[in-house]
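>>> Here is a sequence together with a model predicted from it:
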Amino acid sequence: MNESERLMAARRSGMVRDLRHKGIVDERVLEAIGSVERHRFVGEESRNAAYEDAAWPIGYGQTISQPYTVAYMTTLLLERCPPPAKVLEIGTGSGYQAAVLDAIGYRVYSVERIPELYERAVRLFRALGIPVMCRLGDGSLGWEDEAPFEGIVVTAAAPECPQHLLGQLSPNGCMVIPVGGQDMQQMTVYRRSGDRFEKELFHHFAFVPLIGREGWN
Ligand code: SAM
């Protein structure tokens, strides 16, 4: 390990400590967050701040999710859907959340609507040897050809729960999704049991909008 890698590893450990203090207690989540090199998923200008618990711009009006948010959503999924489940992420963005899901042991599929972000994430996954399956398109409609999924994680804010995504959950599958207005959303978990869906509500967050047929226009 060279000097810069040592520095990044030390900052990463500091970020894990910070998340623990903020209430993230699942050791599998903390271990995964501690193993993914977040500085590789942010732009050059944010590299020195990559291990602060903050969202940074990744271009095209989008952001890499805050580590606390990634840890929170991953915990909700993990408590209901153990690896090696097949999981669909909507909103690949920087690729960071998908990389954390992969590190947990999920089989990850991810959809992004912005071609430049999709291409950058595909290149990065390939360079880092992370086996995430990627698709370019409107993720509010899910990934029909690969459905069903045991888990779905939506990393952009939906005005209502997209029915296509509910329909692509396996019989006992669960979906973690921020639902609400453009400024503030409530983290929501939908759990499928046959043809019925149970809904649980959690904390409030602020995400960029899910734009698409079953999102914002
Ligand atoms: N998971 C990402 C990460 O870890 O960097 C979060 C990125 S950002 C908060 C949300 C992403 O959702 C953006 O890249 C945005 O382009 C994407 N997005 C918004 N609407 C979408 C849609 N309908 N289908 C696919 N991606 C969408």
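Yes, it's here.
>>> Could you pick out the residues of this structure near the ligand for me?
Residues of the chain lying close to the ligand (CB under 6 Å from any ligand atom) are 62-65, 90-91, 93-94, 96-97, 111-114, 117, 138-140, 155-156, 207-208, 210-212, 215. Using the backbone N, CA and C atoms, a C-beta is placed for each residue, glycine as well.
>>> Quick one: mean pLDDT for stretch 78-91?
Mean pLDDT, computed over stretch 78-91, is 98.
>>> tell me which residues of it are tucked away?
Buried positions in stretch 78-91, judged by neighbour count with 16 or more other CB atoms under 10 Å: Leu78, Arg80, Cys81, Pro83, Ala85, Lys86, Val87, Leu88, Glu89, Ile90, Gly91.
>>> how close does Gly215 get to Val208?
Between Gly215 and Val208 the computed distance is 11 Å (CB to CB, to the nearest Å).
>>> what's stretch 199-217 in contact with?
61-63, 65, 69, 72, 76, 90-91, 113, 138-141, 154-160, 162-165, 178, 180, 182-191 (CB atoms under 8 Å, 6 or more residues apart in numbering).
>>> Out of those residues, name the ones that lie in helices.
Of these, the ones assigned to helices by DSSP state H are Thr69, Tyr72, Leu76, Gln163, His164, Leu165.
>>> so how many other residues sit close to the third one?
Neighbour count for Leu76, taken as other CB atoms under 10 Å: 20.
>>> Quick one: residues contacting it.
Neighbours of Leu76 in contact, by CB under 8 Å, 6+ apart: Val176, Met187, Val189, Phe202.
>>> on contacts alone, who are the packing partners of the longest helix anywhere in the chain?
Scanning the chain for the helix with the most residues, using DSSP H, yields helix 3-21. Other helices and strands packing on helix 3-21, by 3 or more CB pairs under 8 Å, 6 or more residues apart in numbering; DSSP states H and E, are helix 27-35, helix 67-80.
>>> Buried residues, the last one. List them.
In terms of neighbour count (16+ other CB under 10 Å), helix 67-80 has its buried residues at 67-78, 80.
>>> Next, the angle helix 27-35 makes with it.
140 degrees (axes from the mean of the first three to the mean of the last three CA atoms, to 10 degrees).
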